[in-house]
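Asks: predicted structure and sequence below. I'll ask about it afterward.
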Amino acid sequence: MKTQRRYNFWTTLLLMLCIQFLKAQTSPIALADPTIFSYKGTYYLYGTGGRSNTGFFVYTSKDLVNWSGPAGTNNGYALKKGEVFGDKGFWAPQVFKYNEKFYMAYTANEQIAIAVSDSPLGPFRQQRKDSLSGPGKQIDPYVFRDDDGSLYMYHVRLTNGNRIYVAKLRPDLSDVDTATAREVLHAEPGWENTWNAPWPVAEGPTVIKRKGKYYLIYSANDFRNPDYAVGYAVSNHPMGPWIKQKLSPVISRNNIGIKGTGHGDLLTLPDGKMKYVMHTHHDSATVAPRLTGIVDIRFEKGNEFERLVAEPASFRYLTTQQSVFTNPLLPSGADPFSIYKNGYYYYTHTLANRLSVWKVKNITDLPYAKENVVFTPPAGTPYSKHIWAPEINYINGKWYMYFAASNGDMGKQRMYVIENSSPDPTSQSWVLKGQVADASNKWAIDGNVFEWKEKLYMLWSGWEGDDNTQQHIYIAPMSNPWTISGARVCISKPEFDWEKHGKLTDAKGDRVVLVNEGPQSLIHNDHLFVIYSASGCWTDHYALGLLRLKGGDLLNPSDWIKNEQPVFEGSAADGIYSPGHNSFFKSPDGKQDWILYHANDQPGLGCGGARSPRAQPFSWKADGSPDFGKPIKTDQLLAVPAAAK
């Protein structure tokens, strides 16, 4: 019996530890300018997110600790572009209940608008898509309702700095009375402008009434300034005049210990206690994406006015058990590549002057992950510039990163590899093994190393000769991860119309360069495929093609069959252009196949920094070939890769 009890104890303890571990697998919420609205036992969190050009997500919680979402009724959105005023810059929302409806005051196109909904989850809409009246640019709205029912719109005007204003708001919320508008306050030298900037900033107003006094909580300094902080002013009337309090700032990096604290909202709990939700810088070195935090605040007895005091020890970040995400994974990152091993994703993309690895438990956590620079080439070497398309592989117990580079002359791009024997590829233990080339030593980029039937091969994109007229896909055997052991064989060149979009103008004039590049091996059961990108990345026709090994000899071009049509291409209707240069990874449970690729959000962006990494699952057809579907729109929620049990 004692043995059974001991077994039950350890089983229970192990189960509790597992539960705690699973609870720990959370993601930080990255909403700037956050606000929390409370209604019937549920808290609703809104803010400026990574989708600031498309609308506002909403997260929900019952206890301010466990958050879920995005939970908006419109694919996670509470308010979405197209249903309201504005087509970009959706910032700083505020949600409130008025006359049995829910309203959201928000910024878009650097103007202020108000939308209405029947639910805090949305959809918030406008019958007449329009902004409120006012001169110039206006942002950061906050609607305050006084005890007598009068409505006031606090906001920020961009005029010789960010200045906080107030105006009376019509009872039907249709517009402000511009004749009543007046300045509340602006940033002055001292803690409000530690950079002595010519454009001083005071913004993010929140107003509360206590014991007949009005308290305006605001933020000062540019949001990129580590000294971004929260202060307050007091008045006897909503229209002012306002007296700044000498105890400000009440929330700053000096007491919270984190840079960039501010631009939030006040939340009063049912028991009368108060919290301030705000954003901070991402970490000590970077501003974005800004993270959402919360801190306890209180009013305590003062002389003429009550004093506002924060409780720094209570500060914590808000997190969510992330189950869904939207593309892109990062704002920028061409030629993305990821491998999943030992419980982590190791991710990289083109950075041009260095090699870096991101390490995350969840591929959707890339925005919050640290960039680990693992290799910066010495200046003046044949591989010091134009570092393109890195790939990280684990072969025979060691890590290898393959990349293309040159001395600055793009006509001299060649493939190189570095090696790391450490268990963790984010360590600094990388050594250069050297150039990886066949005997021809021609122009080469986009190397991909894979194993097929216990033999190593490298795929890459290269020129047949020494002129940039056409890129082909080549394959060659390898004797080890850094040595090609045979002649290169061309298995694909541009031949179909969809592969032949390549008009460009460069130093050589107007011409056409045809492209097959970015080859990626894909193995499924006993089938071997090569997925590649075709047409110039500088065009809007960049797309993915497919080669299938039908014979038994990888080095025999006739044993490869090419699809006559692309297997993955952009859609102007969905706002996705030039998807390509992909890689593949498995979900943590090993059951899902995912494609990782870059694409543009607008036409004509070409091969620049606007290309962003995206991921989506794919399936398999009856004949064993992959079915990628079409690129998923950036406003569509996707389930995160399935976790290991």
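Replies: Received, thanks.
Asks: show me where the stretch 1-150 of the chain has helices.
Replies: 2-24 (DSSP state H, counting those that start in this stretch).
Asks: likewise for the chain?
Replies: With DSSP state H as the criterion, the chain has helices at 2-24, 253-256.
Asks: any low-confidence regions in this structure?
Replies: 1-25, 644-645 (pLDDT under 70).
Asks: quick one: the most centrally placed residue in it from Asn516, how far?
Replies: What sits nearest the mean C-alpha location of the chain, by C-alpha atoms, centre = their mean, is Leu330, with 3.8 Å. Noted for Leu330: a distance of 26 Å to Asn516, by C-beta to C-beta, to the nearest Å. Every C-beta, even on glycine, is put in place using the N, C-alpha and C of the backbone.
Asks: same check on Lys137?
Replies: Here Lys137 is placed at a distance of 48 Å from Asn516 (C-beta to C-beta).
Asks: neighbour count for the two, which is higher?
Replies: Between Lys137 and Asn516, Asn516 has the larger neighbour count (other C-beta atoms under 10 Å), namely 27 against 15.
Asks: okay, domains of the chain per the record?
Replies: With automatic domain parsing as the criterion, the domains of the chain are listed as 18-320, 327-632.
Asks: would a markdown table of these with distance to Ala643 be doable?
Replies: Shown next, in a markdown table, are these (distance: least, C-beta to C-beta, whole Å):
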| stretch | distance to Ala643 |
| --- | --- |
| domain 18-320 | 7 |
| domain 327-632 | 5 |
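Asks: and Gln428, backbone torsions?
Replies: The phi and psi torsions at Gln428 (degrees, to the nearest 10) take the values phi -90, psi 20.
Asks: burial of the closest residue to it other than its chain neighbours, as a residue count?
Replies: Nearest residue to Gln428, sequence neighbours excluded (C-beta to C-beta, 6 or more residues apart in numbering): Val374, at 6.7 Å. For Val374, the count of nearby residues is 22 (other C-beta under 10 Å).
Asks: what sits opposite the closest residue in space to Asp140 that isn't next to it in sequence in the beta ladder?
Replies: Excluding the flanking residues, the one nearest Asp140 by C-beta to C-beta, 6+ apart is Val156, at 4.3 Å. For Val156, the beta-bridge partners under DSSP bridges are Ile139, Ile164.
Asks: residues contacting Val156?
Replies: 138-140, 162-165, 202-205 (C-beta atoms under 8 Å, 6 or more residues apart in numbering).
Asks: so can I have a markdown table of those showing distance to Tyr228 and neighbour count?
Replies: Putting the contacts of Val156 into a markdown table (distance: C-beta to C-beta, whole Å; neighbours: other C-beta atoms under 10 Å) gives the following:
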| residue | distance to Tyr228 | neighbour count |
| --- | --- | --- |
| Gln138 | 21 | 25 |
| Ile139 | 16 | 22 |
| Asp140 | 14 | 27 |
| Asn162 | 12 | 24 |
| Arg163 | 17 | 19 |
| Ile164 | 15 | 25 |
| Tyr165 | 20 | 20 |
| Ala202 | 11 | 25 |
| Glu203 | 10 | 25 |
| Gly204 | 10 | 29 |
| Pro205 | 15 | 27 |
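Asks: how about those in JSON lines, adding distance to Tyr59?
Replies: Shown next, in JSON lines, are the contacts of Val156 (distance: C-beta to C-beta, whole Å):
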{"residue": "Gln138", "distance to Tyr59": "27"}
{"residue": "Ile139", "distance to Tyr59": "23"}
{"residue": "Asp140", "distance to Tyr59": "21"}
{"residue": "Asn162", "distance to Tyr59": "27"}
{"residue": "Arg163", "distance to Tyr59": "31"}
{"residue": "Ile164", "distance to Tyr59": "27"}
{"residue": "Tyr165", "distance to Tyr59": "30"}
{"residue": "Ala202", "distance to Tyr59": "28"}
{"residue": "Glu203", "distance to Tyr59": "23"}
{"residue": "Gly204", "distance to Tyr59": "20"}
{"residue": "Pro205", "distance to Tyr59": "23"}
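Asks: identify, from these, the entry nearest to Tyr43.
Replies: Checking these against Tyr43 by C-beta to C-beta gives Gly204 as the nearest, at 19.6 Å.
Asks: pretty sure the closest one contacts Gly264?
Replies: Yes: shown here, Gly204 and Gly264 form a contact pair, counting by C-beta atoms under 8 Å, at 6.9 Å.
Asks: what is in contact with these two at once?
Replies: Residues touching both Gly204 and Gly264 by C-beta under 8 Å, 6+ apart: 33, 219.
Asks: state the distance from the residue nearest to Gln321 when sequence neighbours are not counted to Ser338.
Replies: Leaving out its chain neighbours, the residue that sits closest to Gln321 by C-beta to C-beta, 6+ apart is Thr26, at 5.6 Å. Thr26 sits 21 Å away from Ser338, taking C-beta to C-beta as the criterion.
Asks: repeat for His524
Replies: As judged by C-beta to C-beta, His524 and Ser338 stand 18 Å apart.
Asks: quick one: which of these two has more around it?
Replies: With neighbours defined as other C-beta under 10 Å, His524 and Ser338 compare such that Ser338 has more, 24 against 12.
Asks: tell me where the stretch 501-645 of the chain has strands.
Replies: 503-506, 509-512, 516-524, 527-534, 543-549, 560-562, 577-586, 593-600, 612-620, 626-627, 638-639 (DSSP state E, counting those that start in this stretch).
Asks: OK, contacts around the residue nearest to Gln428?
Replies: Shown in contact with Val374 (C-beta under 8 Å, 6+ apart): 355-357, 401, 418, 420, 425-428, 430.
Asks: how many residues are close by the residue nearest to Gln321?
Replies: Applying other C-beta under 10 Å, we find 18 other residues in the vicinity of Thr26.
Asks: surely Thr381 meets Asn407?
Replies: Yes: counting by C-beta under 8 Å, Asn407 is a contact partner of Thr381 at 6.9 Å.
Asks: what about the two, which has more around it?
Replies: Using other C-beta under 10 Å, the more surrounded residue of Thr381 and Asn407 is Asn407, with 16 against 13.
Asks: any idea how far that one is from Ser440?
Replies: For Asn407, the distance to Ser440 (C-beta to C-beta) stands at 19 Å.
Asks: and if you look at Pro198?
Replies: 58 Å.
Asks: show me which of the two is the more surrounded one.
Replies: Ser440 (15 against 8).
Asks: ramachandran angles for that one?
Replies: Dihedral angles (degrees, to the nearest 10) for Ser440: phi -70, psi -30.
Asks: excluding sequence neighbours, find me the nearest residue to it.
Replies: Arg488 (6.2 Å).
Asks: cool, Tyr142 as well?
Replies: Nearest-residue entry for Tyr142: Tyr154, 4.3 Å, with adjacent residues in sequence omitted and distances by C-beta to C-beta, 6+ apart.
Asks: what residues does that neighbour make contact with?
Replies: 141-144, 164-166, 184, 205, 207, 216.
Asks: please repeat the previous calculation with a cut-off of 7 Å.
Replies: 142, 144, 164, 166, 184, 205, 207 (C-beta atoms under 7 Å, 6 or more residues apart in numbering).
Asks: quick one: it from Lys503, how far?
Replies: 53 Å.
Asks: Tyr44 too?
Replies: Taken as C-beta to C-beta, the span from Tyr44 to Lys503 is 50 Å.
Asks: before we move on, the earlier item: how close does the residue nearest to Gln321 get to Val360?
Replies: 13 Å.
Asks: repeat that for Phe85.
Replies: For Phe85 relative to Val360 (C-beta to C-beta), the value is 37 Å.
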